[in-house]
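>>> dropping a prediction and its sequence here:
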Number of protein chains: 2
Amino acid sequence: MPAQTPQARALRRDAVRNAERILDSAREVFGESGAEACIEEIAARAGVGVGTVYRRFASKDALMDELLRVAIEDLSAAAELALARPDGHGLEDLLRAFGQSFADHAGYAHLLLDRKHDPADARRLRAAIEELTARAAAAGTIGPGAGLGDVMTLIAAMRGLLHGPDAESTTVWPRFLDLH
Amino acid sequence: MPAQTPQARALRRDAVRNAERILDSAREVFGESGAEACIEEIAARAGVGVGTVYRRFASKDALMDELLRVAIEDLSAAAELALARPDGHGLEDLLRAFGQSFADHAGYAHLLLDRKHDPADARRLRAAIEELTARAAAAGTIGPGAGLGDVMTLIAAMRGLLHGPDAESTTVWPRFLDLH
DNA sequence: CCGCAAACGGAGCGGTCATTCCGGTTGTGC
DNA sequence: GCACAACCGGAATGACCGCTCCGTTTGCGG
């Protein structure tokens, strides 16, 4: 027997390819037009019919959720990497990762922080930020009184700089970090 | 003859009252539900029918524009006031005014910077910010290299902290200014 | 090459909402 | 108090969009 995930029957090859195309297209279209973009546009750009989108994703929301899940996963990975950094500058790396993520998902970046995510991922990310904040405070990179709340505020502020796919807004955020 | 605005015939008393109610209701409903709130809700909360809304405002967009126009007008007034301040701290006043405006218009605050406004107002506001920034730089409140772009970035970041009518987001912004 | 489960596309259904229209109502000037 | 223009409410219209359904096509194991 093939060593697939045990639960579900494997998808046909064309189905796998289409699912990937749909996700790519959704990232693109949601990125350009925001979460209210219509499914037909996503399907068209993926080169499939709307029915195909709905056979793979239960609803428009579920499709969005999948994009967000992956994005949070990526941020978690970035957090792990930042934690591995020996000096006290891991927090900066993570902040940059957040900025890049907001830029990559311009148009629906606000959902990255607002939606309810997998609690495990959320907790892991939160713990990493706390640890990195403590280290940065110890290293003197940030004020000694700064806590999780302050860093989250900073992250939310960064997100505010990015809510359109225009060239300007996707490039100013590194400068914002420099202001500090 | 009554000393009204010369061009248009005066509105009937009930029409004036209703127009005010509609604007108040729109501020409320857009504030709670964002720009995609539906006209019927606005009309209902104002105690009028949708027809009445449309007799006074050409479209939903026009209604929104009117709210934004007034908001920008208020910010311009705040800028004038800030300019009148003799020390170099006028910029702080204006930043606080922006924060308050974003809080007052939570739910559609992003439109305050994004929409095209009356060029005269926009220019006046921009000039005021430039002048205040220069004064703040001279007074040493902010770095000497900071320019209009940096301040606009700061303002956009503040806006990012506010995009819901929830109690938390409408109260953290003053803290953000303190971080600097 | 066959047979069929899995996949596909896109027309159509149902619901939401902006905007229009018009028969009934109400300030206002005389 | 009258007459009428200005107003008003809300049903109706039309556009849009998420989602479902079903007849047709296609990958793939034998």
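In hand now; what should we look at?
>>> for the residue nearest the centre of chain A, pull up the helix or strand it's in.
The C-alpha lying nearest the average C-alpha coordinate of chain A belongs to residue A:71 (Cα atoms, centre = their mean; 2.7 Å). Under the criterion of DSSP states H and E, residue A:71 resides in helix A:60-83.
>>> buried residues of the next helix or strand after that helix, list them for me.
Downstream of helix A:60-83, the next assigned helix or strand under DSSP H and E is helix A:90-104. For helix A:90-104, the neighbour count (16 or more other Cβ atoms under 10 Å in any protein chain shown) marks A:90-103 as buried. Placement of C-beta: from N, CA and C, glycine included.
>>> on that earlier part again, so the helix holding residue A:71 versus helix A:90-104, what angle?
150 degrees (axes from the mean of the first three to the mean of the last three Cα atoms, to 10 degrees).
>>> for the residue in chain A that chain B sits nearest to, what are its contacts?
Nearest residue of chain A to chain B, counting by Cβ to the nearest Cβ: residue A:160, 1.2 Å away. Residue A:160 sits next to B:156-161, B:163 when contact means Cβ atoms under 8 Å, 6 or more residues apart in numbering or on different chains.
>>> find the nearest non-adjacent residue to it, please.
Distance criterion Cβ to Cβ, 6 or more residues apart in numbering or on different chains; nearest residue to residue A:160, sequence neighbours excluded, is residue B:160 at 1.2 Å.
>>> distance of the one you found relative to residue A:79?
As judged by Cβ to Cβ, to the nearest Å, residue B:160 and residue A:79 stand 21 Å apart.
>>> quick check: phi and psi on the residue in chain A that DNA strand C sits nearest to?
Scanning chain A for the residue nearest DNA strand C gives residue A:51, at 1.9 Å (criterion: Cβ to the nearest atom of the strand). Torsion angles at residue A:51 (phi, psi; degrees, to the nearest 10) stand at phi -60, psi -40.
>>> count of residues packed around it?
Residue A:51: 9 surrounding residues under other Cβ atoms under 10 Å in any protein chain shown.
>>> over to residue A:162?
For residue A:162, the count of nearby residues is 27 (other Cβ under 10 Å).
>>> which residues does the residue nearest to residue A:64 when sequence neighbours are not counted contact?
Leaving aside its sequence neighbours, residue A:64 sits nearest to residue A:35 (Cβ to Cβ, 6+ apart; 6.1 Å). Contact analysis of residue A:35 by Cβ under 8 Å, 6+ apart lists A:64, A:107-108, A:111.
>>> just among the residues you listed, which is most surrounded?
In terms of neighbour count, residue A:108 stands highest of the contacts of residue A:35 at 24 neighbours, by other Cβ under 10 Å.
>>> for chain A, give me the ranges with low pLDDT.
By pLDDT under 70, the weakly predicted segments of chain A are A:1-8, A:163-180.
>>> which residues of it lie near DNA strand D?
Taking Cβ under 7 Å from any atom of the strand as the contact definition, chain A meets DNA strand D at A:12-14, A:36-40, A:50-51, A:54, A:59-61.
>>> just so I have it, where are all the helices in chain A?
Along chain A, counting by DSSP state H, helices occupy A:13-33, A:39-46, A:50-56, A:60-83, A:90-104, A:109-114, A:119-139, A:148-160, A:173-178.
>>> let's have those helices in CSV, adding distance to residue B:152.
CSV is the format used below for those (distance: least, Cβ to Cβ, whole Å):
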stretch, distance to residue B:152
helix A:13-33, 23
helix A:39-46, 32
helix A:50-56, 39
helix A:60-83, 27
helix A:90-104, 17
helix A:109-114, 19
helix A:119-139, 27
helix A:148-160, 12
helix A:173-178, 11
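>>> returning to that earlier point: state the pair within the residues of chain A next to DNA strand D that is farthest apart.
Maximum pairwise distance among these (Cβ to Cβ): 32.9 Å, between A:13 and A:36.
>>> residues in contact with the closest residue in space to residue A:155 that isn't next to it in sequence?
Distances taken as Cβ to Cβ, 6+ apart put residue A:98 closest to residue A:155, at 5.3 Å, once the chain neighbours are dropped. Going by Cβ under 8 Å, 6+ apart, residue A:98 touches A:75, A:155, A:158-159.
>>> how about a cut-off of 10 Å?
Residues in contact with residue A:98 (Cβ atoms under 10 Å, 6 or more residues apart in numbering or on different chains) are A:75, A:78-79, A:109, A:112-113, A:125, A:129, A:151, A:154-156, A:158-159, A:173, A:177.
>>> what do you get for residue A:54?
Contacts of residue A:54 (Cβ under 10 Å, 6+ apart): A:39, A:43, A:60, A:62-63.
>>> run a quick neighbour tally on the nearest residue to residue A:126 once chain neighbours are set aside.
Distance criterion Cβ to Cβ, 6+ apart; nearest residue to residue A:126, sequence neighbours excluded, is residue A:148 at 7.2 Å. Counted with other Cβ under 10 Å, residues neighbouring residue A:148 total 14.
>>> can I assume residue A:148 is in contact with residue A:142?
No - using Cβ atoms under 10 Å, residue A:148 makes no contact with residue A:142, being 11.9 Å away.
>>> for the two, list the residues in contact with both.
With Cβ under 10 Å, 6+ apart, residue A:148 and residue A:142 have common neighbours residue A:133.
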